[in-house]
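1. take a look and give me a structure for this.
(chains A and B)
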Amino acid sequence: GQQVMQIPQYQHVQEGEDFTTYCNSSTTLSNIQWYKQRPGGHPVFLIQLVKSGEVKKQKRLTFQFGEAKKNSSLHITATQTTDVGTYFCLHQGAQKLVFGQGTRLTINP
Amino acid sequence: DTEVTQTPKHLVMGMTNKKSLKCEQHMGHRAMYWYKQKAKKPPELMFVYSYEKLSINESVPSRFSPECPNSSLLNLHLHALQPEDSALYLCASSQGGGRTYNEQFFGPGTRLTVL
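-> Residues are numbered from 1 along each chain as shown, chains lettered A, B, ... in the order given. Down below sits the predicted model:
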């Protein structure tokens, strides 16, 4: 069956440092979405990647979809305290929708 | 209006009770979802309605019964729940449906406690 691993599980950084989370799949994905969930909040959509090798940027956030459509990454440059939260990938394959385990980001101001 | 609303915000129920969770959106979305989220875990998909028809049921126990009365409303009927069903229940909606799932808008969730 479809398996996706998201790493790391936790990341603690100093404010201003960079942060990256990865999602890796054993099978080809139709698309991948990224969400952010603040503590006590609900998931909020960030981006959807569909094309092989796609790269999208949103200010300090860079999203990539691998050439084989089996992996994806979210990179945050120069983190700020407002970036605190858990980042999830949501992948769709074989009509199943599955969230990755999430990477919980904490920041030391 | 880009908001998904859920009621109630909190619910405490006994194992013999029957209750319902409600979700509403007015964005014209035709796909609606129920997720269950335990603490420090990702949301787990329970049900998907596409054009008011149940399109995905992720082998959810029958004590959870979804209902989509119209394109704006989604209910989750609860009966004879177990304490391990205590969790945050999230509703979401998205445009379209069918085989491709687009950006999902999540509601704030209902925090359910089963005693």
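
2. and A:K51, how many neighbours does it have?
-> Taking other Cβ atoms under 10 Å in any protein chain shown as the criterion, the count of residues near A:K51 is 10. Glycine gets a C-beta too; all of them are placed from N, C-alpha and C.

3. wait, what's in contact with A:Q11?
-> By Cβ atoms under 8 Å, 6 or more residues apart in numbering or on different chains, the residues touching A:Q11 are A:F19, A:T21, A:T103, A:R104, A:L105, A:T106.

4. how about a cut-off of 10 Å?
-> Contact analysis of A:Q11 by Cβ atoms under 10 Å, 6 or more residues apart in numbering or on different chains lists A:E17, A:F19, A:T20, A:T21, A:I76, A:T79, A:Y87, A:T103, A:R104, A:L105, A:T106, A:I107.

5. phi, psi of residue 40?
-> No chain in the question, so chain A it is. Backbone torsions of A:G40, given as degrees, to the nearest 10, read phi 80, psi 0.

6. any idea how far it is from chain B?
-> Separation of A:G40 from chain B (Cβ to the nearest Cβ, to the nearest Å): 10 Å.

7. for that residue, which residues are in contact?
-> A:G85, B:L88, B:P108, B:G109.

8. top of these by number of neighbours, please.
-> Neighbour counts for the contacts of A:G40 peak at B:G109, which has 25 neighbours (criterion: other Cβ under 10 Å).

9. I figured that one hits B:C91, correct?
-> Yes - shown here, B:G109 and B:C91 form a contact pair, counting by Cβ atoms under 10 Å, at 7.7 Å.

10. find residues that contact each of those two.
-> What both B:G109 and B:C91 touch, as defined by Cβ under 10 Å, 6+ apart, is the set A:H42, B:V4, B:Q6, B:L21, B:C23, B:Y35.

11. ok, what's across the strand from whichever residue of chain A sits closest to chain B?
-> Going by Cβ to the nearest Cβ, chain B is nearest to A:F99 of chain A, at 3.7 Å. When bridges are called by DSSP bridges, A:F99 pairs up with A:L90.

12. looking at the shared contacts of B:G109 and B:C91, which is nearest A:S72?
-> Of all the shared contacts of B:G109 and B:C91, A:S72 sits closest to B:Y35, with 20.5 Å by Cβ to Cβ.

13. what strands flank the helix or strand that closest one falls within, and is each parallel or antiparallel?
-> Using DSSP states H and E, B:Y35 sits within strand B:31-37. Next to strand B:31-37 in the sheet, as set by DSSP bridges, lie strand B:44-50 (antiparallel), strand B:87-94 (antiparallel).
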